[in-house]
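**Student:** show me how the following folds:
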Amino acid sequence: MKKIYLLTGILMAALLLLCACGAAQPAAEPTPEPTPEPTPTPFVEPVTEQGGIVYMNAQELASGRQLQNGVEYIRLSEAAEALGSALEHDADSGAFSFAWRKDTVTLHEGDRGARYLDRTWQLDALPILCGGGEDLLVPVESFCDAAQIGYFYDEEEDTVYCTPATGDWKLPENYAVPVLMYHELGHAPDEANLFVDMAQLELQFQFLTENGFTPIWFSDLWHVEDFEKPVILVFDDGYKSMYSKLLPLAEQYQVKCVVAVVKRYTYKEGGMHMDLDEVMALHDSGLIALESHGVNHINMGEIYNPEDQEMELRDSALWLTRLFKQEPTTFVYPIGGSTPAVQEMLKKYYRFGVKMVGNVYNTSDDPTMIYRFFVERSTPIQWYGNYLKKAFDDPALNNYVPRE
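**Tutor:** Next up, the predicted model:
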């Protein structure tokens, strides 16, 4: 009997304990662990091999050529900087672009199409992301084609030269551009008319600057419409007076000039022509464009061996390209001589060929047959001025079409 009472007491105590604790509560739901943010995949730079040197607009690109799968690439940011622009990247659209001349070049990673001048140009290979995803590798030769930049590969030195002035850009039509022909400066008893007195040249420079004429280079013709009265001053043969007399006057008046140099004369000691240091000083001034007058100053109309003709054109162009890190634009025919075959051959190495005495050049004329007005010692300033003014005032002259 006592055992029953004891068991009953234990049960009652358990009931009292359950009542004191209240009804049993359901177990709490476990707090979920926070989902970790996905770790961004680190950008992996493309694997390339180092290639040779590249000059873009006469500036060496720091990365040179990058080789991948047989394709030669350059960094787009470096090319844009050498062209005076800056590369922009639109992360939303994936577009890479930079301002070039009067338009914009636009490319996308993984797309061979390069947009420029309302046209899509096809690259030889797909652009490749680099620089942490903020830059592009682009195939150098077809990129130059798309941006209308000249491309030349110097196989002997394994160097690429990308020259804007020699690209396949469209020459604006129907603009009169008088081209003036000079030779030596100073006094000389022989061939006196070839030697323009410095006082006379200064009067001419004053006339140009005071009457709204703008001396330009042949490489400026891509935007000739921006100049109200453009004129090109060409000094033949590369005399020493180009360094001692022309350069100081050009710097004083900030006048652009073109000097046509002969390769052989430049290395001839004790002569009347500039040496290499003087030629480089003209180039470094930023006012004198050095163009080709041949290797040996031979009348191209009297050379009948095509190989010799091409050597004069090719070797002088290569010499100047290596000197100045960009291709020349112009061949000035020695003594004005040429033939239709020479003029056709010239197109392989230059954009322009310059003759001697003739009418005012118009940009619609044959660019391999640009004639000049001969400035002699006996040319009075009045006649000099009247000739230049007539080039722009007479609509009938050389089919010139006045600006609207």
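**Student:** tell me which residues touch V196, please.
**Tutor:** By Cβ atoms under 8 Å, 6 or more residues apart in numbering, V196 lies in contact with 182-185, 375-377, 379. For the C-beta atoms, the positions are set from N, CA and C on the backbone; glycine is no exception.
**Student:** swap in G337?
**Tutor:** Contacts of G337 by Cβ under 8 Å, 6+ apart are 299-302.
**Student:** ok, so of the contacts of V196, who is nearest F195?
**Tutor:** E184 (4.6 Å; Cβ to Cβ).
**Student:** how many other residues sit next to the closest one?
**Tutor:** 21 (other Cβ atoms under 10 Å).
**Student:** and the contacts of G337, which is closest to L290?
**Tutor:** The closest of these, once distances to L290 are taken by Cβ to Cβ, is M300, at 19.3 Å.
**Student:** and that closest one, how far is that from P42?
**Tutor:** Distance of M300 to P42, computed by Cβ to Cβ, to the nearest Å: 60 Å.
**Student:** hmm, back to that, out of the contacts of V196, who's nearest G110?
**Tutor:** Of these, the one sitting nearest to G110 (Cβ to Cβ) turns out to be Y182, at 53.8 Å.
**Student:** contacting residues around the closest residue to the closest one other than its chain neighbours?
**Tutor:** Spatial nearest neighbour of Y182, excluding adjacent residues (Cβ to Cβ, 6 or more residues apart in numbering): F235 at 4.5 Å. Residues near F235 by Cβ under 8 Å, 6+ apart: 182-183, 242, 246, 257-260.
**Student:** and if we set it to 6 Å?
**Tutor:** The contact partners of F235, by Cβ atoms under 6 Å, 6 or more residues apart in numbering, come to 182, 242, 259.
**Student:** so which of these are in helices?
**Tutor:** Judged by DSSP state H, helices contain none of the contacts of F235.
**Student:** which of those fall in strands?
**Tutor:** 182, 259 (DSSP state E).
**Student:** would you format the contacts of F235 as JSON lines with neighbour count and pLDDT included?
**Tutor:** What follows is the contacts of F235, written out as JSON lines (neighbours: other Cβ atoms under 10 Å; pLDDT from 0 to 100):
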{"residue": "Y182", "neighbour count": "25", "pLDDT": "95"}
{"residue": "M242", "neighbour count": "28", "pLDDT": "97"}
{"residue": "V259", "neighbour count": "27", "pLDDT": "98"}
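**Student:** of the contacts of F235, closest to M272?
**Tutor:** Using Cβ to Cβ, the contacts of F235 come closest to M272 at M242, 10.6 Å.
**Student:** please, which helix or strand holds the residue nearest to Y182?
**Tutor:** F235 belongs to strand 230-236 when assigned by DSSP states H and E.
**Student:** what's the answer for V360, then?
**Tutor:** In this structure, V360 sits in neither a helix nor a strand according to DSSP H and E.
**Student:** now do the one 5 residues further on
**Tutor:** When secondary structure is defined by DSSP H and E, D365 falls outside every helix and strand.
**Student:** that one: neighbour count?
**Tutor:** Quick note: D365 (other Cβ under 10 Å) scores 19 neighbours.
**Student:** please report the distance of it from S292.
**Tutor:** 20 Å.
**Student:** what lines up beside the helix or strand hosting Y153 in the sheet?
**Tutor:** Following DSSP H and E, one finds Y153 within strand 150-154. Applying DSSP bridges to the sheet, strand 150-154 is found paired with strand 159-163 (antiparallel).
**Student:** helices of the stretch 151-300 of the chain, start to end?
**Tutor:** 198-210, 241, 247-253, 263-266, 276-284 (DSSP state H, counting those that start in this stretch).
**Student:** let's have those in CSV, adding mean neighbour count and distance to A147.
**Tutor:** Formatted as CSV, the helices of the stretch 151-300 of the chain follow (neighbours: other Cβ atoms under 10 Å; distance: least, Cβ to Cβ, whole Å):
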stretch, mean neighbour count, distance to A147
helix 198-210, 16, 33
helix 241, 21, 39
helix 247-253, 15, 31
helix 263-266, 19, 30
helix 276-284, 16, 24
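**Student:** quick one: average pLDDT of stretch 94-103?
**Tutor:** Stretch 94-103 shows a mean pLDDT of 97.
**Student:** can you pull the buried residues of it?
**Tutor:** The neighbour-count check on stretch 94-103 (16 or more other Cβ atoms under 10 Å) flags 95-98, 100-101 as buried.
**Student:** stretch 363-383 too?
**Tutor:** Residues 363-365, 367-373, 375, 377, 379 are the ones in stretch 363-383 that count as buried (16+ other Cβ under 10 Å).
**Student:** neighbouring contacts of that stretch?
**Tutor:** Contacts for stretch 363-383 (Cβ under 6 Å, 6+ apart): 171-175, 179-182, 192-193, 195-196, 203, 343, 346, 352-355, 357-359, 361, 387.
**Student:** K240 contacts M274, correct?
**Tutor:** Yes - in this structure, K240 is within contact of M274 by Cβ atoms under 6 Å, at 5.5 Å.
**Student:** of the two, which one has the most company?
**Tutor:** M274 (25 against 16).
**Student:** my read: the more buried one touches D237, true?
**Tutor:** No - look at M274 against D237 with Cβ under 6 Å: they stay out of range, at 9.5 Å.
**Student:** the residue nearest to T209 when sequence neighbours are not counted and I381, how far apart?
**Tutor:** Take T209 and drop its neighbours on the chain: the residue closest to it by Cβ to Cβ, 6+ apart is Y253, 5.7 Å away. With distances taken as Cβ to Cβ, Y253 is found 15 Å from I381.
**Student:** for S292, same thing?
**Tutor:** Distance, S292 to I381, by Cβ to Cβ: 31 Å.
**Student:** could you do H273 as well?
**Tutor:** According to Cβ to Cβ, H273 stands 28 Å off from I381.
**Student:** before we move on, the earlier item: hmm, which of the contacts of G337 are the buried ones?
**Tutor:** M300.
**Student:** okay, domains of this protein per the record?
**Tutor:** 49-166, 179-399 (automatic domain parsing).
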